[in-house]
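Participant: Fold the following, please.
(2 chains)
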Amino acid sequence: MLAVQKVSRTFDNGYKAFKPVSFHTEQSEIVGILGTSGCGKSTLLRAIAGLDLGFDGEISFQEQSVRSGTEHTGVVFQEPRLMPWLTVIDNVVFGLKGNKQEKREKGARLLRAVGLKDTEKLYPRELSGGMAQRAAIARALVTNPQLLLLDEPFSALDAFTKMQLQELLIDLWETNHTSMLIVTHDIDEALFLCDRVLIFRDQPGVLFKDLKIDLQRPRERGSLEMAEYKREILQSLDLNHDVHVKSAI
Amino acid sequence: MTQTEVSHSPNKKSPGKKTTSSVNYIRSFAIGLIIPALLLIIWEVASRAGIFPQYLLPAPSAVISTLVALASSGELWTHVSSTLSRVLIGFFLGTIVAVVLGSFIGFFKPLERLFDPLLQALRSIPSLAWVPLFILWMGIAETSKVTLIAVGVFFPVYLNIVSGIQGVDRKLIEVGKVYNMSTASIITRIVLPASLPSFLVGLRSGLGLGWMFVVAAELMGASEGLGFLLTLGQNTSRPDTILASIILFAILGKATDAILKQLENRSLRWQDRYET
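Facilitator: Prediction:
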């Protein structure tokens, strides 16, 4: 599916976002890119999304280089990025081509799928943060992408809305089995959603660890196995140091 | 599926909203009338009591009767219509040139570097400085007047278009890029709607300047128009004529601005604005 080969990104001012990184993802896999801020994870996602083509190395999806187009990819950003002058339904079908009737039906179906069925005619300003992000997810899915890229999609939401939307994402995945790549700095989110977590660290970022999350779905938040994984991740990010000292005392 | 958030989705179109908003509108309109009405009464009383000399400041009733006389002789319409048509023609010409130039310069950065310094320099020339040149070039007739007005309208519209286009959120443009949209459709579907608010602000301040410039244009020599009435009132020592003309300017300026404001409200319903 997605093949990232020796990709690195150095900006014009000489700043290096991350060192050469390579990985593959499989069909219908949910992969998390986890790391502290500044490790270049969003930069990597932007490269995969085709929004930043200044990278070195090669990124291809289904054998097609992202430099030649990304029509199979959908993107959900950290902010909803809805067009404020369009109603919710028009925002959802924003990237669709084709006749109006078909677009409307498809848009309405996706709005139902993300739990926003009575909001078609509202403007974005009338939506709560969680609703707006649902609409953004619907917009990203409306073109039936085979790869959904999410850049810290829920980090601006409150804890409860965040959990609801994580569950929504899993529900959507159960019906479509769309491959997903999720950039996040939230370990619990990565553990709840992902089949695999790529752990980035340092500055410029390096791919430090490729961790398979072997947990059945639906996953139970706060389960012991998850805590075990969390500890492993925290340790690999050198964030668990103090805890050890304390427990030793 | 999680539905909890949706259950309290905002239902803004509650029944009866329309009637309350129109009542509010009338109320705020009435509140706005209190001070002007008081001033008019004081003015009228002071004039009748002889505090203001009639030959300098006639009473409001005298101004109104002058207006009525002008209206009944049909003169009023000649003046109003010629001033209004000058403003409108100048406004449209200035706006069209501003839209064309502003769009190109807003979209293409190199063009901005090429044109903007010149335009900024031209902008700092006081409008009246053009008057002799325009008269020399185009004579005293309509062309020079309309051109002067168009020049006045051009700058605010142009500046707002350029800043509107350049201020479009890069994040929204990226959404278009994600869908592999062409530059042309990114412009028509994202950049233009996003810069509409700024454009409308430009139109309104352009229209305001248009009214300012029409006075300048008509003062420099006209045989009809509200500016001509001003000069006439001055030359014949008729302050009532001057005041009548000023009132007409106020009414026309306010009315044309209200039309644009209506247009703005209608096309910017989507904006998240602070409303009282």
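
Participant: what's the neighbour count on A:Glu63?
Facilitator: Counted with other C-beta atoms under 10 Å in any protein chain shown, the burial measure for A:Glu63 works out to 7 neighbours. (Each C-beta comes from the backbone N, C-alpha and C, glycine too.)

Participant: Next up, phi/psi of it, please.
Facilitator: Per-residue torsions, A:Glu63: phi 70, psi 0 (degrees, to the nearest 10).

Participant: so who does it touch?
Facilitator: By C-beta atoms under 8 Å, 6 or more residues apart in numbering or on different chains, the contact list for A:Glu63 is empty.

Participant: where does chain A have low pLDDT?
Facilitator: Within chain A, the set of residues satisfying pLDDT under 70 comprises A:241-249.

Participant: rerun that using 50 as the cut-off
Facilitator: Flagging of chain A using pLDDT under 50 yields the residue ranges A:245-249.

Participant: which helix in it runs the most residues?
Facilitator: The residue-count maximum for a helix in chain A (DSSP state H) belongs to helix A:159-176.

Participant: Name the residues that touch it?
Facilitator: Residues lying outside helix A:159-176 but in contact with it, judged by C-beta under 8 Å, 6+ apart, are A:28, A:30, A:113-115, A:128-130, A:133-134, A:137, A:141, A:144, A:150, A:153-154, A:157, A:178, A:180, A:186, A:189, A:192-193, A:217-218, A:221, B:1-2, B:4-5.

Participant: And for stretch B:140-153?
Facilitator: Under the criterion C-beta under 8 Å, 6+ apart, residues B:86-87, B:89-91, B:93-95, B:97-98, B:127, B:130-131, B:134-135, B:137-138, B:206-207, B:209-210, B:212-214, B:216-218, B:220-222 lie in contact with stretch B:140-153.

Participant: ok, back up a step: what's the following helix or strand after the longest helix of chain A?
Facilitator: Towards the C-terminus, the helix or strand next in line after helix A:159-176, according to DSSP states H and E, is strand A:179-184.

Participant: And the helices in chain A, which stretches?
Facilitator: Taking DSSP H as the test, the helices found in chain A are A:41-48, A:88-92, A:100-113, A:129-141, A:159-176, A:187-193, A:224-236, A:241-248.

Participant: So is the fourth one next to chain B?
Facilitator: Put plainly, it is helix A:129-141. Yes. Figure legend: helix A:129-141 in contact with chain B (C-beta under 8 Å from any C-beta of the partner chain); contacting residues A:Gly130, A:Met131, A:Arg134.

Participant: now that we have the residues you listed, which one has the most neighbours?
Facilitator: Using other C-beta under 10 Å as the neighbour definition, the residues of helix A:129-141 next to chain B reach their maximum at A:Arg134, which records 29 neighbours.

Participant: Does that one touch A:Ala113 like I think?
Facilitator: No. Taking C-beta atoms under 8 Å as the definition, A:Arg134 is not a contact partner of A:Ala113, at 9.5 Å.

Participant: joint contacts of those two?
Facilitator: Counting by C-beta under 8 Å, 6+ apart, A:Arg134 and A:Ala113 have no shared contacts at all.

Participant: Filter the contacts of helix A:159-176 down to the buried ones.
Facilitator: A:30, A:113-115, A:128, A:130, A:133-134, A:137, A:141, A:150, A:153-154, A:157, A:178, A:180, A:186, A:189, A:192-193, B:2, B:5 (16 or more other C-beta atoms under 10 Å in any protein chain shown).

Participant: sec struct for B:Met156, please.
Facilitator: To be clear, residue B:156 is Pro; Met isn't right here. When the structure is reduced to helix, strand and coil (DSSP: H, G, I helix; E, B strand; the rest coil), B:Pro156 reads as helix.

Participant: Just confirm it contacts B:Gly202, I think it does.
Facilitator: Yes. Taking C-beta under 8 Å as the contact criterion, B:Pro156 and B:Gly202 are neighbours in contact, 5.1 Å apart.

Participant: quick one: the longest helix of chain A to helix A:100-113, angle?
Facilitator: Here helix A:159-176 runs at 120 degrees with respect to helix A:100-113, directions being taken by axes from the mean of the first three to the mean of the last three C-alpha atoms, to 10 degrees.

Participant: distance between helix A:159-176 and the chain's centre?
Facilitator: The gap between where helix A:159-176 is centred and where its chain is centred comes out at 12 Å by C-alpha atoms, centre = their mean, to the nearest Å.

Participant: same thing with stretch A:188-206?
Facilitator: A distance of 11 Å separates the centroid of the chain from that of stretch A:188-206, by C-alpha atoms, centre = their mean.

Participant: Quick one: end-to-end length of it, please.
Facilitator: From the first residue to the last, stretch A:188-206 extends over 21 Å; the measure is C-alpha to C-alpha, to the nearest Å.

Participant: rewinding a little: looking at B:Pro156 and B:Gly202, which has the bigger crowd around it?
Facilitator: More neighbours sit around B:Gly202 than around the other of B:Pro156 and B:Gly202, counting by other C-beta under 10 Å; the figures are 27 against 23.

Participant: next SSE after the helix or strand encompassing the more buried one?
Facilitator: Secondary structure assigned from DSSP H and E places B:Gly202 in helix B:192-219. Going down the chain from helix B:192-219, the next helix or strand is helix B:226-235, by DSSP H and E.

Participant: So is the following helix or strand past that following helix next to chain A?
Facilitator: Past helix B:226-235, heading to the C-terminal end, the next element that is a helix or strand (DSSP H and E) is helix B:239-267. No. With C-beta under 8 Å from any C-beta as the threshold, helix B:239-267 lies outside contact range of chain A, at a closest distance of 8.6 Å.

Participant: Contact partners for the residue of the stretch 101-250 of chain B at minimum distance from chain A?
Facilitator: Using C-beta to the nearest C-beta, the single residue of the stretch 101-250 of chain B nearest to chain A is B:Tyr179, 3.5 Å away. Applying C-beta under 8 Å, 6+ apart, we find B:Tyr179 in contact with A:Phe94, A:Gly95, A:Thr143.

Participant: ditto for A:Gly69
Facilitator: In this structure, A:Gly69 makes contact with A:Gly50, B:Asn180, judged by C-beta under 8 Å, 6+ apart.

Participant: list the buried ones in the host helix or strand of B:Asn160?
Facilitator: Secondary structure assignment for B:Asn160, by DSSP H and E: helix B:142-166. Along helix B:142-166, these residues count as buried under the neighbour rule (16+ other C-beta under 10 Å): B:142, B:144-165.

Participant: same question, stretch B:38-46
Facilitator: Using 16+ other C-beta under 10 Å as the burial criterion, the residues of stretch B:38-46 that qualify are B:Trp43.

Participant: Could you do stretch A:167-175 as well?
Facilitator: By neighbour count with 16+ other C-beta under 10 Å, stretch A:167-175 contains the buried residues A:Glu167, A:Leu168, A:Leu169, A:Asp171, A:Leu172, A:Trp173.

Participant: likewise stretch A:90-104?
Facilitator: Taking 16+ other C-beta under 10 Å as the basis for neighbour counts, the residues of stretch A:90-104 that come out buried are A:Asp90, A:Asn91, A:Val92, A:Val93, A:Phe94, A:Gly95, A:Leu96, A:Lys103, A:Arg104.

Participant: gap between the fourth one and chain B?
Facilitator: I take that to be A:Val93. 11 Å (C-beta to the nearest C-beta, to the nearest Å).
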